[in-house]
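**Q** what's the 3D shape of this:
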Amino acid sequence: MLTGGLFGTGDGIGIRVKTYTVYILANEARTTYIGVTSDIERRVWEHSTRSDARSFAARYGLTKLVYFEDFTSIHDAIDREKQLKNWRRSKNTALIDTSNPDWDDLTSGWYADTHGESLSPTRPR
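**A** The predicted structure follows:
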C-alpha cells in the first residue's frame, strides 16, 4: 500500500508515479460500496454529485469516503478490490473500524469552495 504522489530521485528531479486507488464509500446507515479508480478525487466527486443517478452508490446515497488504499500497479489494485468484495461484510467493517472508527468522511478538505462556483477536486498531494 502506498500514499502515492511524487517520488524523488535524489538529484532534485521528481518522478510522477501513477497511483490506483481501492476505496470504500458508505452512507449514514453504513451501507458500503467498494471500487477501484485511477483518479480517486474525480471518482469520489462523481459519486458525491450522483453523476449517474442509476448507480448503486447514487441509489443508496453512498457519498462518504471511509477507507482507501493506493497502489502503483493496476493489477494489484484490482486484486485487492476483488479480495475486499469477497470478504464478509463484518471483515470489511472491521477493516474500516481499524483505521477510521467513526466512519468519518476522509475527503474533508479535498474540495475547495471558490466563492459560489461549483466545487472541484483539490486533494492535497
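**Q** max-length helix in the chain?
**A** Secondary structure assigned by DSSP state H gives helix 74-86 as the longest helix of the chain.
**Q** what about the strands in the chain?
**A** 5-8, 14-17, 20-26, 32-37, 64-71, 111-114, 117-121 (DSSP state E).
**Q** same question for the fifth one, mean pLDDT?
**A** When pLDDT is averaged along strand 64-71, the result is 97.
**Q** Can you name every helix or strand that that strand contacts?
**A** strand 20-26, helix 40-48, helix 74-86, helix 89-99 (3 or more Cβ pairs under 8 Å, 6 or more residues apart in numbering; DSSP states H and E). C-betas here are computed from N, CA, C, even on glycine.
**Q** Please spell out which residues along that strand are buried.
**A** 64, 65, 66, 67, 68, 69, 70, 71 (16 or more other Cβ atoms under 10 Å).
**Q** Which residues does it contact?
**A** Strand 64-71 is contacted from outside by 1-4, 19-27, 32, 40, 44, 77, 80, 95-96, 99-100, 103-107, using Cβ atoms under 8 Å, 6 or more residues apart in numbering.
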